[in-house]
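Peer 1: task: produce atomic coordinates for the following.
(4 chains)
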4 protein chains.
Amino acid sequence: MVVTVWGENVHERRDQSVAAIYPDGMHETIAAGLRDLLGEDADVRTATLDQPDQGLGPDVLGSTDVLTWWGHAAHDQVSDELVARVCARVSAGMGLLALHSAHYSKVFRTLMGTTCALRWRNDGLRELVWTVAPGHPIAEGVPEVFAIPRQEMYGEFFDVPPPEALVFISSFEGGEVFRSGCCYTRGRGRVFYFSPGDQEYPVYHQPEVRRVLANAARWARPRGPIAATPYVALRSEAGWFEG
Amino acid sequence: MVVTVWGENVHERRDQSVAAIYPDGMHETIAAGLRDLLGEDADVRTATLDQPDQGLGPDVLGSTDVLTWWGHAAHDQVSDELVARVCARVSAGMGLLALHSAHYSKVFRTLMGTTCALRWRNDGLRELVWTVAPGHPIAEGVPEVFAIPRQEMYGEFFDVPPPEALVFISSFEGGEVFRSGCCYTRGRGRVFYFSPGDQEYPVYHQPEVRRVLANAARWARPRGPIAATPYVALRSEAGWFEG
Amino acid sequence: MVVTVWGENVHERRDQSVAAIYPDGMHETIAAGLRDLLGEDADVRTATLDQPDQGLGPDVLGSTDVLTWWGHAAHDQVSDELVARVCARVSAGMGLLALHSAHYSKVFRTLMGTTCALRWRNDGLRELVWTVAPGHPIAEGVPEVFAIPRQEMYGEFFDVPPPEALVFISSFEGGEVFRSGCCYTRGRGRVFYFSPGDQEYPVYHQPEVRRVLANAARWARPRGPIAATPYVALRSEAGWFEG
Amino acid sequence: MVVTVWGENVHERRDQSVAAIYPDGMHETIAAGLRDLLGEDADVRTATLDQPDQGLGPDVLGSTDVLTWWGHAAHDQVSDELVARVCARVSAGMGLLALHSAHYSKVFRTLMGTTCALRWRNDGLRELVWTVAPGHPIAEGVPEVFAIPRQEMYGEFFDVPPPEALVFISSFEGGEVFRSGCCYTRGRGRVFYFSPGDQEYPVYHQPEVRRVLANAARWARPRGPIAATPYVALRSEAGWFEG
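Peer 2: Numbers count the residues shown, from 1 in each chain, chains lettered A, B, ... in the order given. Purely as a prediction, here's the structure:
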């Protein structure tokens, strides 16, 4: 499968603190983790907002099986035309991994149909990620609990539709909780939201996080060819299915 | 609770066949059924597309607890501004009953995040509605199965997110099936989609259908005051909850 | 509706520390909370293990609409015959509220089909209960978060089927999380598991907890007459539904 | 993975009509389909009720990753001890495919916690199987709809917990509907119920059915080592996870 790791790539070039953690950009670190763990099963490439067509021209998007999305500072700069194309491709079967602050991306909000708002506080305290679906493919090889030593707090109420499968719940040192690993179906496509990953902390270097993303890419891959055009209401002939 | 029955009111004025079934408009028949069954529990009023503010000005919408929506021929005429206000109010806690061809309304599609496309064929054959969640409040007093003698066929694949609760499944004389009663949560609001109700047949006069709609209005009513402004991501202080 | 509050009533008579909190037994405190909040909507009575028929003879159980169950030290003493009768009545439409250590009761385990095991530690630290389904009837009037000052820790992995609706998630001072408010359907009956309520702490005196239980009783009430005999596989005649 | 195809093997030896369709037993036909489609990914073997330890002694069961179960005439002959061992292994991670009349097997009923009763009528009319989750792994390569020319009718209400994912819905020539492909999680294990497969018709020879079973075996395979002992409530030390 072809995985495209899309990164906004703004913080990494603007904030020295972020560049120190992700000198080649967060997208390259995410991509490296996927390459290590998926090996020959995946062709992993990156794309960024500053590229032509915001990194996802028809050729790139049209050959992507699973798209990962990290954005934060530039949600508004993503064109509505691109949002529509990404959502249409998810509907047609492409997998989508929405990461951390992508909860507020236009793409994720459009697919969810909710505000996707949440509580937050960035004081760099510990997050614990608990596995609540140990038999789920996304939890394969992930410990029952793992710690992210320093991370931004994301807390409930998280305004998303109830996930079809809830794989992880996080707690924070302040006592907050968060549904941090949420599975959805939209059309023929599968969507996974995973909340760890603030740019100020080396979350995507962490082995457990890399494992979750690799598992999620496998889980989200299309289960058949991706249609070129969206599904539309279709007049059926009686008995067309009887061949 | 205040229930507002919104009707597009196009077919009823344009098509003699529809006016014969619904001389006062489909919305008045739907409203009459709700009034009969909800009695003093509900203040039921109607609103139509041809009214000022498309029937749902801020005062009307802002005092609605449960909104029912029937549209078909004029989906495109509903203003994006109204769609945004309706979706925001659902998010804040208003209940929504989306009826029949409202599967393709802007409001429902926005809340679902999918195409909401389906198969269809209008040859007026029999639909059977089977209850598959007999303990659900929307099924209270509804028989295990009931027939709609003549109805348009709506068939799978119906491109909606998997319902959080599936209350009814229909079969059609041609052999098709359809998830005809689907429950969702969006924000603090509850959404119920019910597929029977093509304008060419007297579906909303049928007692079982009236029972389903009354039950659904009760199920969807807000469980607390409806916020005036949408939920937004909010910075929390540590320990704010410890009062 | 008739609510029967069943209590094991062992700790209250054996342990001075528990008797000090619940001098009339936990069941009486739970019942008093339900009476206060449900008022004329419910006839609330209690039953205990030490009574004839373990408190739930055919007349008592057969007239119960919603049963609440608290047990801990004496799970094994509950007769298999009673377990079978309780489960059969849930299947037929009775609501069940399983409280705290009832996660390990024979009744709850039989209905879930899983071990219902969990992590625990009783060091009397703070539990925070977060509402993650603010539009759900069981959350009506419940704050976004509330604290239980001292409580036993119950932690994930909690081996239950994924709840059909997850209403509350708790965090504990030690960093653990728990799905503390879980909704299920079994047959025509509705089951709600709510984890706060260790006998060593005055949890059932707390207003937020009383509110949750009253809401849950309303949510779980039967939606039609409760059948006297269990549902069995039934040979159908073709077209029986066309009457 | 190791797949064990368990068959009751009663009808095949007793009824000429069944033996004519399945001369080596239904289990051998099911196993052959899995071998063809899973190839080197699976070691597929069979086991039957008439063998020592009812075919599933500790060595056989203890090395099984996915178990398929077909039973009908001899549900009561399956020992409670075997039922307990099968359920414990599902809880520990083994996948289970429950086929057709296995809806009424002790194993499936125990895992579901419901009666698993349904409506039925065996008049050999046509079943149509509709895919309602086209992006689900179990639907990979399965057409939007396929016909089983002659089959026993299974109809709603089917008394199972609402499936976590509903992949197929069937209609029958008589107008009945049935949730024919249902996914569940029990402990670390995954359970798939698939209803087509009455012994009187050559259902397991049909390519679409073979495809569904092979997909389901992949979907249900364990996602980690299967524990030898069941999960039990475990006292945790504070901070044990901070290692």
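
Peer 1: contacts only, for A:Ala88.
Peer 2: Going by CB atoms under 8 Å, 6 or more residues apart in numbering or on different chains, A:Ala88 touches A:Pro230. C-beta: built from backbone N, CA, C; applies to glycine.

Peer 1: mean confidence for the one helix or strand it maps to?
Peer 2: Assessed by DSSP states H and E, A:Ala88 sits inside helix A:80-92. Averaged over helix A:80-92, pLDDT sits at 98.

Peer 1: next secondary structure after it?
Peer 2: Sequence order places strand A:95-99 as the next helix or strand after helix A:80-92, per DSSP H and E.

Peer 1: just the CA trace of the helix or strand that comes right after that following strand, in CSV.
Peer 2: Next helix or strand after strand A:95-99 toward the C-terminus (DSSP H and E): helix A:106-112. Output of helix A:106-112 as CSV, limited to C-alpha atoms (Å, rounded to 0.1, in the frame of the first residue of the first chain):
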residue,chain,number,x,y,z
LYS,A,106,-11.2,20.9,8.2
VAL,A,107,-10.9,17.4,6.9
PHE,A,108,-11.6,15.7,10.2
ARG,A,109,-14.4,18.1,11.2
THR,A,110,-16.1,17.6,7.8
LEU,A,111,-15.9,13.8,8.2
MET,A,112,-17.2,13.8,11.8
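
Peer 1: next one: helix A:106-112, is it in contact with chain B?
Peer 2: Yes. Contact of helix A:106-112 with chain B (CB under 8 Å from any CB of the partner chain) involves A:Thr110, A:Leu111, A:Met112.

Peer 1: out of those, grab the one that's most surrounded.
Peer 2: A:Leu111 (28 neighbours; other CB atoms under 10 Å in any protein chain shown).

Peer 1: leaving out the residues flanking it, which one is nearest to it?
Peer 2: Leaving aside its sequence neighbours, A:Leu111 sits nearest to B:Gly113 (CB to CB, 6 or more residues apart in numbering or on different chains; 4.4 Å).

Peer 1: the one you found is in contact with A:Cys116, isn't it?
Peer 2: No. Look at B:Gly113 against A:Cys116 with CB atoms under 8 Å: they stay out of range, at 10.9 Å.

Peer 1: in a strand, A:Gly181, correct?
Peer 2: Yes. Judged by DSSP: H, G, I helix; E, B strand; the rest coil, A:Gly181 forms part of a strand.

Peer 1: tell me the bridge partners for it.
Peer 2: A:Phe168, A:Phe194 (DSSP bridges).

Peer 1: just the CA coordinates for the helix holding A:Ala88, please, in PDB.
Peer 2: C-alpha atoms of helix A:80-92 as PDB (Å, rounded to 0.1, in the frame of the first residue of the first chain):
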ATOM      1  CA  ASP A  80     -11.700  23.900   0.600                       C
ATOM      2  CA  GLU A  81     -11.100  22.200  -2.700                       C
ATOM      3  CA  LEU A  82      -8.400  20.000  -1.200                       C
ATOM      4  CA  VAL A  83     -10.600  19.200   1.800                       C
ATOM      5  CA  ALA A  84     -13.400  18.100  -0.600                       C
ATOM      6  CA  ARG A  85     -11.000  15.900  -2.500                       C
ATOM      7  CA  VAL A  86      -9.600  14.300   0.600                       C
ATOM      8  CA  CYS A  87     -13.000  13.600   2.000                       C
ATOM      9  CA  ALA A  88     -14.200  12.200  -1.300                       C
ATOM     10  CA  ARG A  89     -11.300   9.800  -1.400                       C
ATOM     11  CA  VAL A  90     -11.900   8.700   2.200                       C
ATOM     12  CA  SER A  91     -15.500   8.000   1.200                       C
ATOM     13  CA  ALA A  92     -14.200   6.000  -1.800                       C
END
